[in-house]
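Enquirer: generate a structure from the sequence data that follows.
(2 chains)
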Amino acid sequence: MNKIDLIEQSMMRTDMAEFQPGDVINVHVRVKEGNKERIQEYQGIVISIKGAGLRRTFTVRKISNGVGVERIFPIHSPSIAKVEKVRTGSVRRAKLFYLRTLAAKQVRAKTT
Amino acid sequence: MRGILGKKLGMTSIFDENGKLIPCTVIEAGPCTVLQKRTKDQDGYEAVQLGFEERSEKNVNKPDMGLFKKYNMKPMRHLREFKGYKVAEMNSGDKVTVDIFEVGEKVTVSGTSKGKGFQGVMKRHGFGGVGGATHGQHNRLRAPGSIGSSSYPSRVFRGMRMAGRTGGERVTYKNLTVLRVIPESNILIIKGSVAGSKTGILEIYKQAK
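Expert: Numbering: from 1, shown residues only, chains lettered A, B, ... in the order given. This next block holds a predicted model:
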């Protein structure tokens, strides 16, 4: 293994819950406001996991006040406090970008 | 300036204390061995010659081997002089390691950029190219445009920027921040990019306080 891989490996997190595209997860994000730090929760459906090593990311989509919101998190980011799996999905694809065009009811039907 | 020789291992990214992913260059810096010393009396200036990366004796020519024999040292692949060290306190055979650098310090890094071959003026000098692709424009998109006037001066001025060999020259990056120093494996991690290819030889300098 080369030295760059070793450096990356030393910064990777191993405490992350396992989840797959289609799962509904709750991400606890550390938010810094001035000197204070608090936890913000962000719950939604995982529509994509991509990248490798330290730069692996996952995309979480949710409908907030009728507007679709997608956030991309680096899996190994220290600003993620924890990830909770809320519901296990059952989907046939690795990337669920087609959910963007569906209504909420259809999304539920497609992912359970 | 005080400095050290290193080898570029490649780029990666690491998380900073705010959770931001920072692009960085990983350098294997040192350990360097002091070979010759230049002194005011003998050479008119003060410097130390540092050697980096041992090499097999069979690959070294006899004149070079004579130098290494004289200082009773294993042959080194790269030799470079550095000023700014306290030359009087150093002896041949001393090691200079990566722990002369601290995290958060600004450094200057010099190296040889990747050779890019014969390139046009847009890549080589950042010219804008000639206008748009429409309005009757034909095959002049990346051309330099006019290189001078006619009756006066009737010649092209010296130093006019034109196409030609690009890259493969010495490039210096200043004010790069040191993100990590790992003395056990002689690793130096620097924010941002530096010149040259992987395994390219770099000179890393401390900056004046």
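
Enquirer: enumerate every residue touching the closest residue to chain B within chain A.
Expert: For chain A, the nearest residue to chain B under the criterion Cβ to the nearest Cβ is residue A:79, separated by 3.1 Å. For the C-beta atoms, the positions are set from N, CA and C on the backbone; glycine is no exception. When contacts are counted by Cβ atoms under 8 Å, 6 or more residues apart in numbering or on different chains, residue A:79 is found next to A:29, A:30, B:18, B:19.

Enquirer: could you identify which of the residues you listed has the most neighbours?
Expert: Across those, neighbour numbers were computed from other Cβ atoms under 10 Å in any protein chain shown; residue A:29 holds the maximum, 18 neighbours.

Enquirer: now it, what are its backbone angles?
Expert: In this entry, residue A:29 is assigned phi and psi values of phi -100, psi 130 (degrees, to the nearest 10).

Enquirer: again with the one 5 residues further on
Expert: Summarising the backbone geometry of residue A:34 under the convention degrees, to the nearest 10, its torsions are phi 60, psi -120.

Enquirer: next one: the one 3 residues further on
Expert: For residue A:37, the backbone dihedrals are phi -130, psi 130 (criterion: degrees, to the nearest 10).

Enquirer: where does chain B come near chain A, residue by residue?
Expert: B:9-10, B:12-15, B:18-19, B:21, B:26, B:28, B:180, B:182, B:185, B:187, B:189 (Cβ under 8 Å from any Cβ of the partner chain).

Enquirer: show me which of these is closest to residue B:108.
Expert: Within these, the smallest distance to residue B:108 is 16.0 Å, found for residue B:189 (Cβ to Cβ).

Enquirer: can you tell me the helix or strand for the closest one?
Expert: The secondary structure element spanning residue B:189 is strand B:187-191 (assigned by DSSP states H and E).

Enquirer: beyond that strand, next helix or strand please.
Expert: Remark: after strand B:187-191, the chain's next helix or strand is strand B:201-206, criterion DSSP H and E.

Enquirer: residues in contact with that next one?
Expert: Strand B:201-206 is contacted by residues B:1-8, B:27, B:29, B:52, B:78, B:80, B:82, B:84, B:100-101, B:105, B:107-112, B:188, B:190, B:194-196 when judged by Cβ under 8 Å, 6+ apart.

Enquirer: and chain A, which of its residues are near chain B?
Expert: On the criterion Cβ under 8 Å from any Cβ, chain B has as its neighbours in chain A the residues A:2-4, A:6-8, A:11, A:30, A:32, A:54-55, A:74, A:76-79.

Enquirer: who wins for neighbours among those?
Expert: Most neighbours among the residues of chain A next to chain B, by other Cβ under 10 Å: residue A:54, with 23 neighbours.

Enquirer: does it really touch residue A:10, like I thought?
Expert: No - proximity of residue A:54 to residue A:10 does not meet the contact threshold set by Cβ atoms under 8 Å, at 9.7 Å.

Enquirer: the residue nearest to residue A:31 when sequence neighbours are not counted: which element?
Expert: Across the structure, with Cβ to Cβ, 6 or more residues apart in numbering or on different chains as the measure, the residue nearest residue A:31 apart from its sequence neighbours is residue A:40 (4.8 Å). Element membership of residue A:40, judged by DSSP H and E, is strand A:36-50.

Enquirer: right, I'll leave it there.
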